[in-house]
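Chemist: need a structure here:
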Amino acid sequence: MIYSELTQHYFDAAADRAGRLTGPQVLHGEAGSIAQGTWVSFEVRAGVGGSIEEARFLAFGCPHVIAICAWVAEQAIGAPRQSARESVQALRERFGVPYEKLGRLLVIEDAWVACMGVAQGSAPNE
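Modeler: From the prediction side, this is the model:
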């Protein structure tokens, strides 16, 4: 498969945003399963003003999944926790993801929503 330049860039740079966060104010969300071929986990650290100071991800999936997770984590830095996220359709177009992979993008969205859901109503993980 030939990947877009943007997909290739973020896939190659994914290690910069991959990993876990520890300590106070770390919020976590995940979705999917390795058995079904796509699993994503996001962790963010929220700052005093409510904006995201750090974001990391772990993912099991195709290069599109890895690249988009890296992009989402990068774009989150400095954004308010409640800020709007890019739609699945917009991500599909931005990264040139084939229609048959839309389900994988929904897993990414579900993991991000789960992470932000913690931020909007529950205590953060310690």
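
Chemist: what is residue 80 paired to in the beta sheet?
Modeler: residue 51 (DSSP bridges).

Chemist: so who does it touch?
Modeler: Residue 80 sits next to 50-52 when contact means Cβ atoms under 8 Å, 6 or more residues apart in numbering. In this view, the C-beta of every residue, glycine as well, is placed from N, C-alpha and C.

Chemist: go with 10 Å
Modeler: 46-47, 49-52, 119 (Cβ atoms under 10 Å, 6 or more residues apart in numbering).

Chemist: and the residues you listed, which two are furthest apart?
Modeler: The most widely separated members of the contacts of residue 80, counting by Cβ to Cβ, are 49 and 119 (13.0 Å).

Chemist: shared neighbours of the two, which are they?
Modeler: Counting by Cβ under 10 Å, 6+ apart, the shared contacts of residue 49 and residue 119 are 80-81.

Chemist: neighbour count winner among the two?
Modeler: Using other Cβ atoms under 10 Å, the more surrounded residue of residue 49 and residue 119 is residue 119, with 18 against 8.
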